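1. fold the following, please.
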Amino acid sequence: MTFDNNQQVGHAIANGAIGAFLGVFRDPDLDDQARQATANVRCIGIGPDYAVADGEAFQYFWGGVAQLKLGGTVVRGDRLKTDANGKGVTLATGGSEIQNVIGLAQRSGVDGDVIPVQIELWQEQPGEYLS
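-> Okay, the predicted model is just below:
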């Protein structure tokens, strides 16, 4: 597991398999369990640098800088959300759907790259900040 300065770590049990370097979200029915993120879900953080099996305990990062796998082209400074596979993608800039931010890209990259991300867990509607 890669540790960066000021990382804050939480613990959970995997409810389903979770891939390496992907967003995770809290299982709505089970407080101590987490799942691999889906499209634009409100994440609790970024999972570890190894795949996690169903039922396995793991640590996730909810603050600081962590590594996130990308699901498309990203430019350094972009705010990111998760795609259907838990990978980081740039937020939508139009429309009315609330965007669930997982972090701020610290480096540019393309689909499949793993980049450092400043974890920022909040919501935004295109054009305005919601918290």
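2. I figured Thr38 hits Thr82, correct?
-> Yes: using C-beta atoms under 8 Å, Thr38 is in contact with Thr82, at 7.0 Å. Every C-beta, even on glycine, is put in place using the N, C-alpha and C of the backbone.
3. just want to know which of those two has more residues nearby.
-> Neighbour totals were compared for Thr38 and Thr82, and Thr82 leads with 27 against 14 (other C-beta atoms under 10 Å).
4. how far away is that one from Leu121?
-> 11 Å (C-beta to C-beta, to the nearest Å).
5. where do the contact lists of the two overlap?
-> Counting by C-beta atoms under 8 Å, 6 or more residues apart in numbering, the shared contacts of Thr82 and Leu121 are Cys43, Ile102.
6. which residue packs closest to the most centrally placed residue in the chain, ignoring adjacent ones?
-> What sits nearest the mean C-alpha location of the chain, by C-alpha atoms, centre = their mean, is Gly23, with 3.0 Å. Closest residue to Gly23 apart from its sequence neighbours, by C-beta to C-beta, 6 or more residues apart in numbering: Ala37 at 3.4 Å.
7. same deal with Phe58?
-> Phe58 sits nearest to Val52 (C-beta to C-beta, 6+ apart), 4.5 Å away.
8. thought the residue nearest to the centre of the chain was touching Leu68?
-> Yes: Gly23 is within contact range of Leu68, at 7.1 Å (criterion: C-beta under 8 Å).
9. shared neighbours of those two, anything?
-> Common neighbours of Gly23 and Leu68 (C-beta under 8 Å, 6+ apart) are Ile46, Lys87, Gly88, Ile102.
10. tell me which of the residues you listed fall in strands.
-> The members of the shared contacts of Gly23 and Leu68 that map onto strands under DSSP state E are Ile46, Gly88, Ile102.
11. could you dump the residues you listed to CSV with pLDDT and neighbour count?
-> Formatted as CSV, those follow (pLDDT from 0 to 100; neighbours: other C-beta atoms under 10 Å):
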residue, pLDDT, neighbour count
Ile46, 98, 29
Gly88, 98, 29
Ile102, 97, 32
